[in-house]
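J.: Got a sequence here, can you build the structure:
(2 chains)
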Amino acid sequence: MSAPRATKRVWAIVARREFVERGRDRGFLISTAITLLVLVGVIVATSVLGGGETRYKLGAVDDARQVAERSVQTAQLLDVDVELVTTSDDAAAVAAVRDGRLDAAVIGGAEIVVRSEPPTELVGIVRAVSQRMRTEEALRGTGLTDDQIRGALDQAPLGIRALEPVDDRRRENSAVAFVGVLALYGQLFAYGYWVAAGVVEEKSSRVVEVLLATVRPSQLLRGKILGIGVLGLLQLLLIGVVGLIAAQTVGSLDFPSGAIATIGIVLVWFVFGFFFYAGLFAVAGSIVPRQEDLQSTMTPLTLLIVGSFLIGLNAIGNPSSTLATVASLLPPSAPLVMPSRIVLGETSLLGALLSVAITVGATVALVPLATRIYSAAVLRPGRVRIRQALRASRG
Amino acid sequence: MLELVGLSRRFGDVVALDDVSFSVAEGEIVGFVGPNGAGKTTAMRIVLGVLASDRGEVRWRGRTVDFQTRRRFGYMPEERGLYPKMKVLDQLVYLARLHGLDRDTARRQGERTVELLGVAERARDRTETLSLGNQQRVQLAAALVHRPDALVLDEPFGGLDPVGVDVLSGVLRGQAESGVPVVFSSHQLELVERLCDSIVLIHRGRVVAAGGIDQLRASDSRRLVRIEVGAPNGLWLDRLPGVRVVERFPNGGVVELDDGVREGDVLDGARSAGEIRHFSVVRRTLSEIFREVVGS
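T.: Got it, this is the predicted structure:
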C-alpha cells in the first residue's frame, strides 16, 4: 500500500481541529454572546446616563416666567440644555421638584426651590439672570434708557487661561486604551487557559498516545496554539468591531480614528502576548494529570498576567512613569503595557519596535524549551516535575 | 515484514525489555502474550515510537522505521484514548488526516470504518455518550481508519462482549488477508490460539517461547488421552496397560501414554470397563503452555 501524499501540513490539520471544535463549543458561543451583549450594554448605558449632556428641567409659575425664560435663553448661549416647564401654581411646582420631575423651580418670583443639593450649573444661571433683571429694574428706576443699562451691564468677564488644558482627544484615547487593556487581559488569560486545558484534556483522556504515534509533539503543540490563537484573535476582532459600531451608533466617540487604531494595536499585541504565554500555559497543562490540578500549576502564570494587567492600568494614568516605561519593554508585561503607551502617544516608534523585538525574541527562546518540557511531560502519567521532564527530554 | 530486533529498555533499575526480537510477516497474525508486567506494552510503545528503546531497533520491510513509516502504522494503546467530546466520525476523520489522508479519502475511510466495526449509527454522537464496548470499537476504528500498513494492538479484546469479540476477530482476519501484518497482545489465550498464526510469549522482558501453536506444543513430547466411560468410577483407569494417570474425573481421567503404547490399545482397554462416553487425544492448550513457561 503506498502512502497517500499528505495534502496539508500536520500542524495545520491540528490547528483546524482546535479552531473548529472550540469555535462550535456551546460554552464558547454563549460566552461570546454574553461578552458582546455586556459590551454593547455598557456603551449604550454610559451614553444614556453620563455620556450625553444633561438636560435640566426648570419649572416656573406664570409670574416667574420672565426670569425662567431669560434663564433658558442664557443657558442656550452657554451651551447648557434647559427645558422650561410651566406649572399651574407654586404648590404644584414644589411637588414636582420634590418627586424629581423638575430639577428646580422659580416660585413667587423670589425663590429657587430645589430638592436637596442645588444643580450648580442651572441654579447659577437662574440666580445670575434674576440678579441682572433686578439690577436692570433698579437702574431703570434711576431713569437710564435700556441701551444705557445694557451698555453698562454687558461687560466681558475675565478670560481663562488653563495651564494644562483638557485634551479631549487624549481623554477619549485613555478611555479606549482602558477598554483595550481590559480586553487584552481577558483574552490572554482565557485563551492561555484554553491551551492548558486542551493539553490536559489530551493527557487525561490518553488520546495523546494515539496522536503522538502519528504526530510529533512539536507539531501537536504548534497546531494547538495556532488554532486557539486564531480563534482568540477573531473573537477579539469581533468584539472590537461590535464595540466600535455600537459606540459610533450612540455617538460616544468623537475621534473614531483613535479607536480604530487602538483596536489594531490591541490585536497585534494579542498575537505577541498570546504566543509568549501560550507555551508556558502548555507546560502548565502537560505536568498535571487532571483538569482539577491545573489551578495549582497555573498560579504563577496567573500572577504574572494579573500583575502585568495592574501595571497596564496604572500606565494609562501615568504612561511616562519609569514603571510603565520599563514594563512596556519586558515580555511578561509588555503586551499589557505597551499598547496604551502607543495609543497615548507616549512612545517613539523605536521604543515600540524595541518592545516587539524583545517580546518576540523571548518567545522564540521560550518556545523550544516549552516544547521540550511539554513533549517529555505529556506522555508521563500523573504529576511531573519540570526538572524531571527536562532531564527526560535530554536523555 | 515488521521486525523487532534486540529491543532493550530499562526504567531506572527495572529491566522492562531485554533483547526482545521477533517478526510479523505480511498477512500474519501474531499473538503477543505474557503475564502482566512482562513488557508487552513497552515493546508496542517502542514500535510506535511513543517510547524510545535503549538498544535495538524496529524495522519495516528491512529498513529501520522512521517517523514517516510509523505514520502508516495503526496503533491501539493499552490505555484507550479518544477525545471524549468529539463526535465519533469527526474524530476518525481527524485521525485519518493526521495519518496523511486527504480530506475526501479521510471522510470516506471514516464512514467505511464505522460501518466495518458496527458503530455507524453512532457516528454522529459524541464519543463520551457511547458505551465502553462501543468506545472500544471506535478505538479500534481509530487504528484502522487510515488503512494502515501494519497493525499493533495492545489488548484489543479487553472489555468486549462475545459479539464484539467476533466482530473484532473478523476484522483482524480481514486485515491479515489483505496482507497487513497484525500483532496484538491479549490475556484471552483461547482466542489467541484460535486466531493467531504464531505466538510470542514474553516473560520478565525476555521472549521465552515463539512460533506456531503446533510448534509450541511440540516442545512437550508427552502424549495424553482423555477417557470417560459410563461406569461408576473404579480402579479400571489404573488397570489400563502402559499408562500413567495425570488427572481424575468422576467417570474417567487423563492418562499419559508410555513409549510404544498406541492410542488404540488404551481404547480397547477402556472398552472392557464399560461403554465409552468420551475418548480424545489431549492437545495442550496455550494456557497450559503459558502456565508451564511462566510458572517455572
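
J.: Tell me the residues of the stretch 101-250 of chain B that contact chain A?
T.: B:101, B:102, B:103, B:105, B:142, B:147, B:149 (CB under 8 Å from any CB of the partner chain). (Glycine included, C-beta is placed from N, CA and C.)

J.: how deep is residue A:175 tucked in, by neighbour count?
T.: Residues lying near residue A:175 (other CB atoms under 10 Å in any protein chain shown) number 17.

J.: Low-confidence ranges, the chain, go.
T.: I went with chain A, as the question did not name one. For chain A, residues meeting the criterion pLDDT under 70 lie at A:1-8, A:50-53, A:109, A:394-395.

J.: switch to chain B, that's the one I care about
T.: Short version for chain B, where the test is pLDDT under 70: B:232-234, B:296.

J.: Quick check, central residue of it?
T.: For chain B, the residue nearest the mean C-alpha position is residue B:31 (3.2 Å; CA atoms, centre = their mean).

J.: Now do the SS call for that residue.
T.: Three-state call for residue B:31 (DSSP: H, G, I helix; E, B strand; the rest coil): strand.

J.: what bridges to it?
T.: residue B:184, residue B:199 (DSSP bridges).

J.: which non-adjacent residue is nearest the one residue in the stretch 51-200 of chain A that gets nearest to chain B?
T.: Distances between the stretch 51-200 of chain A and chain B by CB to the nearest CB are smallest at residue A:198, namely 10.1 Å. The shortest distance from residue A:198 to any non-neighbouring residue, by CB to CB, 6 or more residues apart in numbering or on different chains, is to residue A:224 (5.6 Å).

J.: all helices for the stretch 151-296 of chain B, in order.
T.: Applying DSSP state H, counting those that start in this stretch to the stretch 151-296 of chain B gives helices spanning B:162-177, B:189-195, B:213-218, B:236-239, B:263-271, B:286-295.

J.: meant to ask about the stretch 201-350 of chain A, not that
T.: Listed in chain order, the helices of the stretch 201-350 of chain A (DSSP H, counting those that start in this stretch) span A:207-212, A:217-249, A:256-286, A:294-317, A:322-327, A:334-343, A:349-378.

J.: Adding distance to residue B:229 as columns, could you present the helices of the stretch 151-296 of chain B in JSON lines?
T.: Listed next are the helices of the stretch 151-296 of chain B as JSON lines, based on distance: least, CB to CB, whole Å:
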{"stretch": "helix B:162-177", "distance to residue B:229": "34"}
{"stretch": "helix B:189-195", "distance to residue B:229": "27"}
{"stretch": "helix B:213-218", "distance to residue B:229": "27"}
{"stretch": "helix B:236-239", "distance to residue B:229": "7"}
{"stretch": "helix B:263-271", "distance to residue B:229": "6"}
{"stretch": "helix B:286-295", "distance to residue B:229": "24"}
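
J.: which one is residue 258 nearest to, not counting chain neighbours?
T.: This is for chain A. Per CB to CB, 6+ apart, closest to residue A:258 is residue A:173, 5.0 Å.

J.: ah, no, chain B please
T.: residue B:242 (4.5 Å).

J.: Tell me how many other residues crowd the residue of the stretch 51-200 of chain A closest to chain B.
T.: Burial of residue A:198 is recorded as 20 neighbouring residues (other CB under 10 Å).
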